[in-house]
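Enquirer: Test case, fold it:
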Amino acid sequence: TFSLGADTYDNEPKQCSAADFDDFVAQISSTDSTKKGQKYLCAPLAEGSHNDPARYRWKAHWRIRELVLPRRFLALDVDGFAAPEHFEEFQQHIAQWNALVYTTASHTADKPRARAIIELSREVDYDEGIRLGTAVQRLLEAELGPANIQLDASVYRGVQPVYVPLRGATTHRFRNAPLDVESFLPDCSSTSPSPSAATVPLTPHAVPGLGVPPAHVIAARATAAPLHAIPLAENPVNIARVQAALAQVSADCRYEQWIEILFALHSTRWQCAETLARVWSMTAPKRYQAAAFASVWRHAKATGGTTIEKLFERAQAALQMSPSVVPAPSTALRSSGKLALPLKPPPPRDYLVGQVLVPGTVAVMAGVGGTAKTTLALQLVVHGALGRQLGAIQIGDFASVLFLAEETTAERDRRLGALCTTLSASERSLVEQRVYCEANAGEDLRMTTIAAGNLFETALVDRVIAATQEHQQACGTRVGLIVLDHARLVMAGDPLAADHVTALLRALNRIAVTTNTAVLLLAHSPKSTLSKDTEADASEVFGSGAFVDHTRAAFVLHTMRESERKHFGLSPDEGRKYVSLTVVKSNYGPSGTQWWFEKEAIPGWQVIRLTPALLLPKGQTQAVCAVGRRIIQIIKRYPGQLSSRSLRDRYAGKNNELAASEGEVRKALERLLATGELISREPTCEERKRLRLPGQTKVVLDLPACGVASGAGWSGV
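Expert: Modelled structure (predicted):
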């Protein structure tokens with residue numbers, strides 16, 4: 001039995017059944033689906049009430065977790081292979097089961113993409129499906145190498161849509177035995193649905209056939225009489241001792257050793273013991289699985305045979321550490337602290353965004369809900385990938401890494417796809433290459449955790465660093481920006497508590513310094529700012545003042561306020577279309593800079609973009625627009641040949657072609673550059689020679705290439 005949906009938005013998929021796996025394959029392969037987002041399959045669903053009765057009042061086979069029924073198939077979704085030969089290896093491994101492998105909509109010969117549907121020896125429920133999929137993924141990663149295959153774990157959930165083969169897809173049918181569920185989930189036989197205290201489920205530290213200890217050995221270790229009793233009080237000193245010992249023991253160890261360390265920590269009976277164990281286990285992210293950890297921890301006993309002494313023994317073996325002594329931090333002076341004052345100024349600051357963001361720093365951008373913070377962040381990374389300014393905002397040339405805690409993969413693709421609709425094929429390819437974006441809705445992205453009142457970093461900090469370094473190596477371009485959306489979902493504790501916020505910012509600064517990138521943290525503004533009618537300031541960043549104090553730059557994105565609307569002579573309806581980005585703090589450049597954007601719907605995508613806009617005080621718009629049109633005509637005749645200065649010198653004046661004063665020309669130029677109808681760029685060496693440009697000419701005016709930089713046009717306000 002299975003569900004078959006009509007498209008991505010079908011929340012009441014049709015309930016289907018097949019006589020056998022061959023019939024199942026035949027049904028899902030004959031849907032005549034022509035593009036991604038059409039037909040999908042998922043687990044069968046019971047009929048019942050929706051968990052949002054206010055919107056859905058009737059009973060149906062809703063695609064929600066509460067109604068998921070057991071299924072007898074496992075889906076694998078491969079987002080990418082390091083090379084085409086790894087796709088062949090993948091098929092060889094899948095061939096051991098009764099399975100179907102087929103290419104996806106984004107598949108190409110040099111960049112294979114594929115899905116697999118595998119028959120199971122028995123039905124699995126929702127949780128078993130997740131654990132089974134994770135175990136199979138570990139096996140494939142062990143066989144092919146983790147860097148050679150990228151699997152999407154979301155399809156292990158019974159409710160996740162799995163798109164069926166498209167018309168014309170390449171399919172590979174393998175006919176062997178069904179995948180034996182018991183070999184991967186030895187504690188979850190169909191006759192014993194509840195694991196007993198004498199068994200421990202397969203964990204990320206164990207792959208079938210690679211030396212997993214028998215259940216009775218694990219149970220014996222958990223219940224044997226204690227060897228030693230070393231009572232340790234739960235205080236900051238002893239917690240620090242245990243943390244120092246854990247730092248010397250790799251969580252990427254044999255399964256038996258991993259369980260041994262967990263039992264040792266459990267023996268302390270500390271309130272923070274589970275947190276210490278979990279954070280340590282997460283330092284091996286490719287092997288960590290939350291559900292398996294919870295099960296092992298539940299079966300450990302504080303009076304078992306393994307005590308905390310075992311942890312110190314392991315640490316001592318790794319670093320000759322005494323069980324009772326943790327090395328004190330060195331008090332010696334560092335050579336890096338000695339001064340060597342430069343005689344000449346260093347190179348100019350490497351600004352990534354405006355004259356505000358520089359590598360190795362953390363910035364915060366705040367705004368109330370609906371001001372399009374995420375959209376603006378996405379536009380910044382797209383423009384960074386193309387090395388193209390966003391209106392009047394100068395943007396560097398860089399790659400980016402994003403972690404979006406509130407977005408699904410489908411929503412991420414919708415937003416970025418909409419923002420790139422005007423790009424050429426080569427530009428779209430450059431964005432795909434340079435932007436790494438995880439859609440982490442529903443995942444735990446906290447970079448800090450609280451144990452016994454103390455704040456600690458989680459393993460996610462190192463994962464962000466590793467992902468950034470790997471992406472930089474893969475795309476061949478320096479990563480300039482890391483975006484984290486948003487603050488409440490990446491921190492533990494109270495955003496109004498200074499120490500909790502400081503712990504998060506300390507972790508983010510470590511990321512920024514280690515990767516030499518700018519980290520941009522998105523945050524909310526208090527709802528009280530909606531009624532505010534004064535200039536934006538740092539108080540509009542919700543939470544403790546530490547959000548601003550411990551960052552090197554702070555931005556506020558807000559809708560147009562009443563005084564601003566009157567200043568620009570706009571109607572209330574017109575004013576609601578605009579938002580402004582204001583620099584309320586900048587340690588490495590001017591603060592107070594403000595950029596205006598107009599919210600513009602992208603037809604067919606149900607997504608908005610922020611189009612740069614230069615708003616003028618009431619009464620000046622018409623005159624400036626007329627001058628702007630004349631400037632564009634001149635630049636069309638002489639593209640890349642005039643600087644702002646030479647344009648004013650040659651054509652400004654009431655009796656010259658622009659028929660406007662220098663001040664009027666300057667205002668019109670500012671607007672053209674802000675809306676993207678003109679760009680300023682460095683002239684090439686060939687242009688300097690051919691046009692005999694003076695050496696002091698640093699930038700020239702030109703028409704924008706077709707794409708992201710195009711503005712709203714002079715027909716607007």
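Enquirer: From here on, just use CA atoms for contacts and neighbour counts.
Expert: Will do.
Enquirer: In the protein, where is pLDDT below threshold?
Expert: Applying pLDDT under 70 to the chain flags residues 186-231, 236-237, 301-305, 319-332, 334-335, 451-453, 618-624, 705-717.
Enquirer: What are the neighbouring residues in contact with the most centrally placed residue in the chain?
Expert: Centroid-nearest residue in the chain: residue 403, 1.7 Å away (criterion: Cα atoms, centre = their mean). Applying Cα atoms under 8 Å, 6 or more residues apart in numbering to residue 403 gives the contacts 437-440, 483-485.
Enquirer: Reformat those as a markdown table; add distance to residue 506.
Expert: A markdown table is the format used below for the contacts of residue 403 (distance: Cα to Cα, whole Å):
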| residue | distance to residue 506 |
| --- | --- |
| 437 | 23 |
| 438 | 23 |
| 439 | 24 |
| 440 | 22 |
| 483 | 16 |
| 484 | 15 |
| 485 | 17 |
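Enquirer: of those residues, closest to residue 476?
Expert: Distance to residue 476, by Cα to Cα, is smallest for residue 437 among the contacts of residue 403, at 16.6 Å.
Enquirer: is the closest residue in space to the closest one that isn't next to it in sequence in a bridge, and if so with what?
Expert: Of all residues not flanking residue 437 in the chain, residue 402 sits nearest, at 4.5 Å (Cα to Cα, 6 or more residues apart in numbering). Residue 402 forms beta bridges with residue 437, residue 483, as assigned by DSSP bridges.
Enquirer: Could you check how far residue 402 is from residue 592?
Expert: According to Cα to Cα, to the nearest Å, residue 402 and residue 592 sit 27 Å apart.
Enquirer: again, but for residue 645
Expert: From residue 645 to residue 592 the distance is 26 Å (Cα to Cα).
Enquirer: what about residue 701, which SS state?
Expert: Put simply, residue 701 is strand when judged by DSSP: H, G, I helix; E, B strand; the rest coil.
Enquirer: Just give the nearest non-adjacent residue to it, would you?
Expert: Spatially, and ignoring its direct neighbours in sequence, residue 701 is nearest to residue 680 (4.7 Å; Cα to Cα, 6+ apart).
Enquirer: what about the one you found, is that helix, strand or coil?
Expert: strand.
Enquirer: Can you report how many residues lie near it?
Expert: 21 (other Cα atoms under 10 Å).
Enquirer: Pretty sure residue 698 is one of the things it touches, is it not?
Expert: No - judged on Cα atoms under 8 Å, residue 680 makes no contact with residue 698 at a distance of 9.6 Å.
Enquirer: Not counting its neighbours along the chain, what's nearest residue 571?
Expert: Per Cα to Cα, 6+ apart, closest to residue 571 is residue 565, 7.3 Å.
Enquirer: In contact with that neighbour: list those residues for me.
Expert: Going by Cα under 8 Å, 6+ apart, residue 565 touches 571-572, 575.
Enquirer: repeat that with 10 Å
Expert: 571-576, 578, 617-618 (Cα atoms under 10 Å, 6 or more residues apart in numbering).
Enquirer: do the same with residue 107
Expert: When contacts are counted by Cα under 10 Å, 6+ apart, residue 107 touches 79-80, 113-114, 169-170.
Enquirer: change it to 8 Å
Expert: Going by Cα under 8 Å, 6+ apart, residue 107 touches 113-114.
Enquirer: where does it land in three-state SS?
Expert: Per three-state DSSP, residue 107 ends up coil.
Enquirer: any idea how far it lies from residue 168?
Expert: Using Cα to Cα, residue 107 is found at 12 Å from residue 168.
Enquirer: ditto for residue 516
Expert: Counting by Cα to Cα, the separation of residue 516 from residue 168 is 46 Å.
Enquirer: Compare the two and say which is more crowded by neighbours.
Expert: Using other Cα under 10 Å, the more surrounded residue of residue 516 and residue 168 is residue 516, with 18 against 11.
Enquirer: List the residues that contact the nearest residue to that one once chain neighbours are set aside.
Expert: Closest residue in space to residue 516, ignoring its immediate chain neighbours: residue 360 at 4.4 Å, by Cα to Cα, 6+ apart. Going by Cα under 8 Å, 6+ apart, residue 360 touches 509, 512-519.
Enquirer: Export these to JSON lines and append columns for distance to residue 413.
Expert: Supplementary listing: the contacts of residue 360 in JSON lines, determined by distance: Cα to Cα, whole Å:
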{"residue": "509", "distance to residue 413": "29"}
{"residue": "512", "distance to residue 413": "26"}
{"residue": "513", "distance to residue 413": "30"}
{"residue": "514", "distance to residue 413": "29"}
{"residue": "515", "distance to residue 413": "26"}
{"residue": "516", "distance to residue 413": "28"}
{"residue": "517", "distance to residue 413": "24"}
{"residue": "518", "distance to residue 413": "24"}
{"residue": "519", "distance to residue 413": "22"}
